[in-house]
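[1] With the input below, show me the fold.
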Amino acid sequence: MGGGEVMTDLQLVAAAFAVSAVLAYLLLRRRAARASAPAAPASAAGAVEKAPASGAPAAVPRPPESVPFALATEEGAVVIVDAPTSSSGAPRALPKIAYEEDADADLTVVGSQEQKRPSYSPPTQKIVYDEEAAADEPTHAGALILVTATAQTDRGVRRKRNEDSVLAREDQGIFVVADGMGGYRGGEVASQLAVTTIERAFSTKTFDGPEHDTIPPRASELARAIQMANEAIFQKACGDDQLEGMGTTISAARFSPNKQRVYIGHVGDSRVYLFRKGKLRQMTSDHTMRELGIEGEGAAHLSRAVGIWPVVPIDIVLGKPQPDDVYLLCSDGLSKMVDDETIESVLAACTTPSDAAEALVRVANERGGKDNVSVIVVRVDDATKSLDPRVAA
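    Below is the predicted model of the structure:
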């Protein structure tokens, strides 16, 4: 073994020891504070901390019996918030996406909380992708853009089950990719429950919790629908031991043709890409421990997922779709099998969303197909030049 390899191993051991020491210190400090503090009234359980006046992002709600974990903010800072613990008081592992060569992996060991929580607006991180989208335009009398889409999900080559779920509602401009996790049956249940809950929220125009005042109303509805999915998964897992710890990633896009806007809600490591003028760009950031600076085996663990805890922080990306834009929503079964350059080439070569979706799934499977792969390809056209009967006069 070379000297460089020895140093790498020593550095990994030192880093692991340092992280363990910090977590142990924070846990002991928190327990000491609880022991000396007066008991909080029952009504305070699950309260959401307000954002400080300085404009810093709101802290994630603190569930009882929890220990600190790190959460990256929009500004790049790392905020210490709380994660659930096991009955012994030890931190539960964060969910992760992992590959097994010839078997389904148990993708998460995060447990459930028994206390029911009321629905409310989740904390959001606002990200402006297109500068023109910073201001929410007034609603026009007619549509400015037209979106057409194709969704496709595939079990892949190695997996025994498909734990991905997709939702594509052109009539409502709602598109969702959910990549479930949680062992036997759990991942499939979580992802399907997520898309079903989101679809029901928009179909009935029912969104739990108060509206956000920092993001546009339509973006707030998307965020609250995702939180409704989070609560539905969390509560179902609480009532079924076989589903304990299940969760899902979500990448969702809501198009507003009469505003020429797209609102993207994102949790986990599924992705949303934009293919514009021949160039592919990733619009979302993966919520993994790697993005928080963790290296080694733990880097693939998710730093957040839908349904794992009572409340989930959600990235909200604001964009202004242009004619000929192509948006791609996908699970990591695509992004881990196919590099961005190849995805760009496929989108450039395909003339329809249907052709592109089929080609992307095929390439992912040809390159190993280690995971379920799901894609939604959305094309944007100029509605003012379209004869499509869906376009309002």
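
[2] I'd like the distance between Val326 and Ser203.
    Relative to Ser203, Val326 is positioned 26 Å away (CB to CB, to the nearest Å). To be clear about C-beta, it is placed using only N, CA and C from the backbone, and glycine gets the same treatment.

[3] Pick out whichever of those two has more residues nearby.
    More crowded of Val326 and Ser203, by other CB atoms under 10 Å: Val326, with 20 against 11.

[4] Now do the same for the nearest residue to the more buried one once chain neighbours are set aside: its pLDDT.
    Counting by CB to CB, 6 or more residues apart in numbering, Phe275 is the residue found nearest to Val326 once chain neighbours are left out, at 4.1 Å. Among the per-residue scores, Phe275 shows a pLDDT of 98.

[5] and what of Leu280?
    pLDDT, read off for Leu280, is 98.

[6] Just list the residues touching it, thanks.
    Tyr273, Leu274, Asp340, Ile343, Glu344, Leu347 (CB atoms under 8 Å, 6 or more residues apart in numbering).

[7] And Ser374, by the same measure?
    Ser374 is in contact with 151-154, 164-166, 177, 179, 330-331, 333-334, counting by CB under 8 Å, 6+ apart.

[8] What are the boundaries of the helices in the stretch 201-350 of the chain?
    217-238, 332-335, 340-349 (DSSP state H, counting those that start in this stretch).

[9] Tell me the helices and strands packed up against the longest one.
    Secondary structure elements in contact with helix 217-238, counted by 3 or more CB pairs under 8 Å, 6 or more residues apart in numbering; DSSP states H and E, are strand 124-128, helix 186-204, strand 247-256, strand 261-267, strand 314-319.

[10] what about stretch 327-345, how long is it end to end?
    Using CA to CA, to the nearest Å, one end of stretch 327-345 lies 14 Å from the other.

[11] where in this structure is pLDDT low?
    Where the chain drops to pLDDT under 70, the residues are 1-120, 183-184, 386-393.

[12] how about the strands in it?
    Remark: strands assigned in the chain by DSSP state E are 66-72, 78-84, 124-128, 145-154, 164-169, 174-181, 247-256, 261-267, 271-276, 279-282, 314-319, 326-330, 373-382.

[13] To Glu358, which of those lies closest?
    Proximity to Glu358 (CB to CB) singles out strand 145-154 among the strands of the chain, at 6.5 Å.

[14] The closest one packs against which elements?
    Judged by 3+ CB pairs under 8 Å, 6+ apart, the packing partners of strand 145-154 are strand 164-169, helix 353-366, strand 373-382.

[15] Just the buried ones from the contacts of Leu280?
    Buried members of the contacts of Leu280, scored by 16 or more other CB atoms under 10 Å, are Tyr273, Leu274, Ile343, Glu344, Leu347.

[16] CSV for the residues you listed, including distance to Pro257?
    What follows is the buried ones among the contacts of Leu280, written out as CSV (distance: CB to CB, whole Å):
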residue, distance to Pro257
Tyr273, 21
Leu274, 17
Ile343, 26
Glu344, 26
Leu347, 22
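
[17] Need the winner for burial among the helices of the stretch 201-350 of the chain.
    helix 332-335 (a mean of 26; mean count of other CB atoms under 10 Å).

[18] who's in contact with that helix?
    Applying CB under 8 Å, 6+ apart, the contact partners of helix 332-335 are 97, 156, 164, 179, 249, 269-271, 343, 360-361, 364, 369-375.

[19] Now, of those, which are buried?
    97, 156, 164, 179, 249, 269-271, 343, 360-361, 364, 369-375.

[20] Quick one: closest of the helices and strands packed on helix 217-238 to Asp381.
    For the helices and strands packed on helix 217-238, the distance to Asp381 is smallest for strand 247-256, at 11.7 Å, taking CB to CB.

[21] one step back: can the helices of the stretch 201-350 of the chain go into JSON lines with extra columns for distance to Lys279?
    Below are these laid out as JSON lines (distance: least, CB to CB, whole Å):
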{"stretch": "helix 217-238", "distance to Lys279": "25"}
{"stretch": "helix 332-335", "distance to Lys279": "17"}
{"stretch": "helix 340-349", "distance to Lys279": "7"}
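
[22] coming back round to it: for Met283, which of the helices and strands packed on strand 145-154 is the nearest?
    strand 373-382 (12.1 Å).

[23] Pairing partners for the closest one, with directions?
    Here strand 373-382 has these sheet partners by DSSP bridges: strand 145-154 (antiparallel), strand 326-330 (antiparallel).

[24] hey, which of those is tucked in deepest?
    Greatest average neighbour count among those goes to strand 326-330 (a mean of 26), per mean count of other CB under 10 Å.

[25] I would like the residues contacting that one, please.
    Contacts for strand 326-330 (CB under 8 Å, 6+ apart): 175-177, 251-253, 262, 270-276, 321, 343, 347, 353, 356, 360, 373-380.

[26] could you redo the last one with a cut-off of 7 Å?
    Strand 326-330 has contacts (CB atoms under 7 Å, 6 or more residues apart in numbering) with 175, 177, 251, 253, 270-275, 347, 374-379.

[27] Over to stretch 185-202?
    By CB under 7 Å, 6+ apart, stretch 185-202 touches 107, 161, 163-167, 169, 172, 174, 176, 178-182, 207, 225-226, 228-229, 232-233, 236, 242-243, 245-248, 250, 252, 306-307.

[28] Now which of those would you call buried?
    Buried among the contacts of stretch 185-202 (16+ other CB under 10 Å): 107, 163-167, 169, 174, 176, 178-182, 207, 225-226, 228-229, 232-233, 236, 243, 245-248, 250, 252, 306-307.

[29] what sits against the residue nearest to Gly298 when sequence neighbours are not counted?
    In this structure, Gly298 finds its nearest non-sequential neighbour in Met289, 5.3 Å apart by CB to CB, 6+ apart. Applying CB under 7 Å, 6+ apart to Met289 gives the contacts Leu94, Gly298, Ala299, His301, Ser303.
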